[in-house]
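K.L.:
structure for this input, please:
(2 chains)
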There are 2 protein chains.
Amino acid sequence: MTSWRPEWMLVDGAFRKGYALDADAEGRIAYVGPESGSAVEDVRRLPGNAMLPGLVDVHSHSFQRALRGKAESRYRSGPNFWSWRDTMYRCALALTPEEIYDVARMAFLEMALAGITTAGEFHYLHRTQQGKRYEAPNLLAEQVIRAAQSVGIRIVLLNCAYARAGFQLPPDPGQVRFLNPDPEEFIVNSDALRKKITTMSTASFGLAPHSLRAVPREYLVQVADWSRAAALPLHMHVSEQPAEVAACRAEYGCTPFELLDGLGILHENFTAIHAIHLQPGEIERMGRAAVTVGACPTTERNLGDGILPADQLLASGVSIALGTDSHSQTDGFENARELETNLRLSKLERAVLDGCHDQPMSALLLDCATRSGAHSLHVEAGALEAGKFADFLTIDLQDAAIAGAQPEDLLNAIVLGASPRAIADVVVHGEPVVTARRHARAPEIIEAFSRVQHRLSASL
Amino acid sequence: MTSWRPEWMLVDGAFRKGYALDADAEGRIAYVGPESGSAVEDVRRLPGNAMLPGLVDVHSHSFQRALRGKAESRYRSGPNFWSWRDTMYRCALALTPEEIYDVARMAFLEMALAGITTAGEFHYLHRTQQGKRYEAPNLLAEQVIRAAQSVGIRIVLLNCAYARAGFQLPPDPGQVRFLNPDPEEFIVNSDALRKKITTMSTASFGLAPHSLRAVPREYLVQVADWSRAAALPLHMHVSEQPAEVAACRAEYGCTPFELLDGLGILHENFTAIHAIHLQPGEIERMGRAAVTVGACPTTERNLGDGILPADQLLASGVSIALGTDSHSQTDGFENARELETNLRLSKLERAVLDGCHDQPMSALLLDCATRSGAHSLHVEAGALEAGKFADFLTIDLQDAAIAGAQPEDLLNAIVLGASPRAIADVVVHGEPVVTARRHARAPEIIEAFSRVQHRLSASL
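P.N.:
Numbering: from 1, shown residues only, chains lettered A, B, ... in the order given. Here you go, the predicted model:
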């Protein structure tokens, strides 16, 4: 057992002094409370640090870390999401299995350094660069899991079903690595992967039918039925772009959430990624079913997706979790604050989310980045509470962005003003992953990633 | 003379290897070019670093650094800009002259650590906490200049004229420290300050009539006439909020830029801070006069000001410079990228500014953060060119946000993905200010600032 003793600890919404967090040998929190209540002898003091729960990132495509800075030209990557997607497809086609591992390690390293302790990896690379099955059908998923374990962060592998380019659309050669056209085969492979993951202490499994576009209704229902029977997290891209809503209307004659509601898929295990372009009546359906929205503001602004109506969603009872998605920028606090600041820009108001769910704005935004994400991914984490996994970060109170903040303003200063520079230590499953801003494997991870980037520069 | 030798140097829009920047004893760049062209013996190698011009921040209210995290409650600080302003006034009234120095040092320290080498300080604290003249009328301006010198960053003190609460409005007791009701007195005091600053190597002077609301037309014309005669930078808040445009129409029967144009104030020495809520015809007037807009996106989103039409402004010939303004968040690259990402959010497009002024998007955004700011503040900086001040930053190429980027993608990765963590070294006027992420005076600056914050926590 190790007893962590930061200067301040965020417990029940307030920063508390003289608190201890005891982590047991199984990676769980055995005790949180005043130091006097801890009988653990291995004490690690963190003076000048504030402890918060680790951030839970519900939506990552780790391979897209290779794209950073490479799809920002209007002339080469075009003027919108759909043209960006073509560049992303070229990236997906270019990577060997070993490179997928190298790029994922870089993505997870950067996430860890930003205080992210769990990655929900929405994994859709399944086949060879030529579109053939690998002999080991889950090879690429296992590469990504290995990458997370090498970095030391917790992973929820959300295995993605992808069957087609879209309603009445011909096959798209850019998507050949994603395809699982047969639902039975997808479920057999997924179940084998799930069983393998069950033996791992810092990995778990979920399901991710890609989108209404890529998965026809009958297939979707089969996957959803299995997820309900097995009590697995179910994630899906929904309504990221207006064209998706139009395609759903064309195919099914209704809006995306009308369709999902009608199929019985809207429930508290369901996380809709993005959910930006919502039609009248959809928010009420989502709220009644207590779904989660997986918002990815830093990516959504990069891709020109639009602004999430977070105020309306929260008011209706929807939970909001957060993801970095394309890794165009990896900054968990920036991601959280944009839920609020984007609303300020569009409504010309301030503190729009303050008081939602009876919480001060910053506590609410931190909950989105922690507790709601843990709920979405079925991970027992996201709060400094006995019984949960010992996944936490510490903030250097001398960081220039938050120095001088008094306890009552500290969470505002962190959530609204801090950058990854403020993250000092990161612990996952009771094990130190980042210590005093350093990750022990960073040099080798960066070296391997640099080799991939050098090779890709010719082919993208 | 010192010859700086980074791994990469950004010269003429491209990263170049094997380049040297020689700084002379007067703080200027004597030579930029291949190392073979440098004959300087004092060589400082910066392996693993990329050198860029230092960021120029055209709009800072350093005392507002004390407000970070303190005005984010809808219940205490209200739902909009105007209610936030009341909290800001309480902050302005609360600070002693020594505390104004302490808070300014903290603001400038954080700016330096973020790669900002010049601060345009829009300074409107003139009087005592009771609204009386100080015996030394420029006491508070000199405190702020002293703070910049203590930190080591360059400052342009933009002395602010403030005469009234607004058209037909009674005096506002929250503004008593700002007032300079008499233009002659303002000019006499300002000229004394200007002369004193002229003797300083890293400070310069400009004028800042606060806004059309706070400065009546005749007063404004007097200040503008002097600025033109003395060739001084002239900065003014314009059209930050819709209510300002309405007040201008009510008082003068025209839009803000119609009024300024009619008074002959729109010219290339003029910088309009914010300029968000523009009416038909205003952008053309601004473009014809080649004014600069001082955009402050991180503050503008915090205050709920709205989104700058940066694409239209640039297309019409307006320059855009950048400022941190309220210091709600101090991140020069984030500030720059929001010019672009906010447009993506509102237009549902990507790479909106790519190709503007025949520049790739990231080069354009970096120019806004450097060259345009230097132009706005009349500072010979903002580019790595012989003759300019030796003001630069270096980027740690191993930073997790940019590691692995190839030379052709590096500027995109920095401008779109980096945070202050990536800033390794900062040099101003040839002198190291930040070395390997450390500022020598940070501990004492943070300690003094923390004392102020502790005292303020009772009074704000």
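K.L.:
and the residue of the stretch 301-450 of chain A nearest chain B?
P.N.:
Per C-beta to the nearest C-beta, residue A:412 is where the stretch 301-450 of chain A lies closest to chain B, at 3.4 Å. Where C-beta positions appear, they are placed from N, C-alpha and C, glycine not excepted.
K.L.:
distance of that residue from residue B:67?
P.N.:
Counting by C-beta to C-beta, to the nearest Å, the gap from residue A:412 to residue B:67 is 10 Å.
K.L.:
can you check residue A:387 too?
P.N.:
On the measure of C-beta to C-beta, residue A:387 and residue B:67 end up 39 Å apart.
K.L.:
got it, and residue A:90?
P.N.:
Distance, residue A:90 to residue B:67, using C-beta to C-beta: 47 Å.
K.L.:
cool, residue A:21 as well?
P.N.:
Relative to residue B:67, residue A:21 is positioned 32 Å away (C-beta to C-beta).
K.L.:
which of these two has more neighbours?
P.N.:
Comparing residue A:21 with residue B:67 by other C-beta atoms under 10 Å in any protein chain shown, the one with more neighbours is residue A:21, at 27 against 24.
K.L.:
so the more buried one: helix, strand or coil?
P.N.:
Secondary structure, DSSP: H, G, I helix; E, B strand; the rest coil: residue A:21 is strand.
K.L.:
grab the nearest non-local neighbour of it.
P.N.:
Excluding its sequence neighbours, the residue lying closest to residue A:21 (C-beta to C-beta, 6 or more residues apart in numbering or on different chains) is residue A:4, at 4.7 Å.
K.L.:
in terms of helices and strands, where is that neighbour?
P.N.:
strand A:2-11 (DSSP states H and E).
K.L.:
hey, C-alpha coordinates of the helix or strand just after that strand in CSV?
P.N.:
Note on strand A:2-11: by DSSP H and E, the next helix or strand toward the C-terminus is strand A:14-17. Output of strand A:14-17 as CSV, limited to C-alpha atoms (Å, rounded to 0.1, in the frame of the first residue of the first chain):
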residue,chain,number,x,y,z
ALA,A,14,-13.5,21.3,-2.6
PHE,A,15,-9.7,21.4,-2.2
ARG,A,16,-8.7,19.9,1.2
LYS,A,17,-5.5,20.1,3.1
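K.L.:
parallel or antiparallel, which strands does strand A:14-17 pair with?
P.N.:
strand A:2-11 (antiparallel) (DSSP bridges).
K.L.:
return the helix or strand in chain A with minimum mean pLDDT.
P.N.:
One helix or strand of chain A scores below all others by mean pLDDT, DSSP states H and E: helix A:442-459, with a mean of 94.
K.L.:
tell me the buried residues in that one?
P.N.:
Buried residues in helix A:442-459, counting neighbours by 16 or more other C-beta atoms under 10 Å in any protein chain shown, are found at A:442, A:445-446, A:448-450, A:452-453, A:456.
K.L.:
between those, which is nearest residue A:359?
P.N.:
Nearest to residue A:359 out of the buried residues of helix A:442-459 is residue A:442 (C-beta to C-beta; 35.4 Å).
K.L.:
check contacts around that closest one.
P.N.:
A:109, A:113, B:398, B:400 (C-beta atoms under 8 Å, 6 or more residues apart in numbering or on different chains).
K.L.:
which one of those residues is nearest residue A:167?
P.N.:
For the contacts of residue A:442, the nearest to residue A:167 is residue A:109 (39.0 Å; C-beta to C-beta).
K.L.:
for stretch A:43-57, what is the average pLDDT?
P.N.:
Across stretch A:43-57, pLDDT averages out at 98.
K.L.:
which helix or which strand is home to residue A:283?
P.N.:
Using DSSP H and E, residue A:283 falls within helix A:282-288.
K.L.:
can you list contacts of that helix?
P.N.:
A:255-258, A:261, A:266, A:272, A:275, A:293, A:309, A:312-313, A:316-318.
K.L.:
filter the residues you listed to the buried ones?
P.N.:
The neighbour-count test (16+ other C-beta under 10 Å) applied to those identifies A:255-258, A:261, A:266, A:272, A:275, A:293, A:309, A:313, A:316, A:318 as buried.
K.L.:
quick one: contacts for the residue nearest to residue A:21?
P.N.:
A:20-23, A:44, A:46, A:51, A:392, A:427.
K.L.:
same check, this time on residue A:75
P.N.:
Residue A:75 touches B:354-355, counting by C-beta under 8 Å, 6+ apart.
K.L.:
on the three-state scheme, it is what?
P.N.:
Under the three-state scheme (three-state DSSP), residue A:75 adopts coil.
K.L.:
which residue comes closest to residue A:377 once chain neighbours are left out?
P.N.:
Using C-beta to C-beta, 6+ apart and skipping residues adjacent in sequence, the residue nearest residue A:377 is residue A:156, 4.4 Å away.
K.L.:
element containing the one you found?
P.N.:
Counting by DSSP H and E, residue A:156 is found in strand A:154-161.
K.L.:
how far off centre is the longest strand anywhere in chain A?
P.N.:
What stands out as the longest strand in chain A, according to DSSP state E, is strand A:42-53. The chain centroid and the centroid of strand A:42-53 are separated by 25 Å, computed with C-alpha atoms, centre = their mean, to the nearest Å.
K.L.:
same check, this time on stretch A:118-132
P.N.:
16 Å.
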